[in-house]
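**Q** fold the stuff below for me.
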Amino acid sequence: MIDFFRILLEKQVFGVSSWLGNRIGIQASFIRLFFIYAAFINVFTILIYLGMVFILKIRTHFKYRRRKSVFDL
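**A** As a prediction, this is how the structure comes out:
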């Protein structure tokens, strides 16, 4: 049961910091530390992080997919 939660956290929650780290060019561990330290200061940072998780989860549904043309068949 504990392994299930650990895997869930690594794949779902920490995916935001790794995505943002790849995008900006910073190590994901620095981004995680920033969000942890900022969470102690205010609640707004936690809401930003959860918003980023939500956006990363639904962005695959709104990406433009190339539709097959009549000529591709």
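
**Q** what's the spacing between Q27 and L33?
**A** Separation of Q27 from L33 (CB to CB, to the nearest Å): 10 Å. C-betas here are computed from N, CA, C, even on glycine.

**Q** so which strand or helix has the residue nearest to the spatial centre of the chain?
**A** Central residue of the chain (CA atoms, centre = their mean): V16, 2.4 Å from the mean position. Under the criterion of DSSP states H and E, V16 resides in helix 15-24.

**Q** for whichever helix or strand comes after that helix, name the packing helices and strands.
**A** Following helix 15-24 in sequence order, the next helix or strand is helix 28-41 (DSSP H and E). Contact partners of helix 28-41 among helices and strands, from 3 or more CB pairs under 8 Å, 6 or more residues apart in numbering; DSSP states H and E: helix 15-24, helix 44-62.

**Q** just to revisit the earlier point, what does the helix holding V16 rub up against?
**A** Applying CB atoms under 8 Å, 6 or more residues apart in numbering, the contact partners of helix 15-24 are I26, Q27, A28, S29, F30, I31, R32, F35, Y49, M52, V53, L56.

**Q** right, I'll call it a day here.
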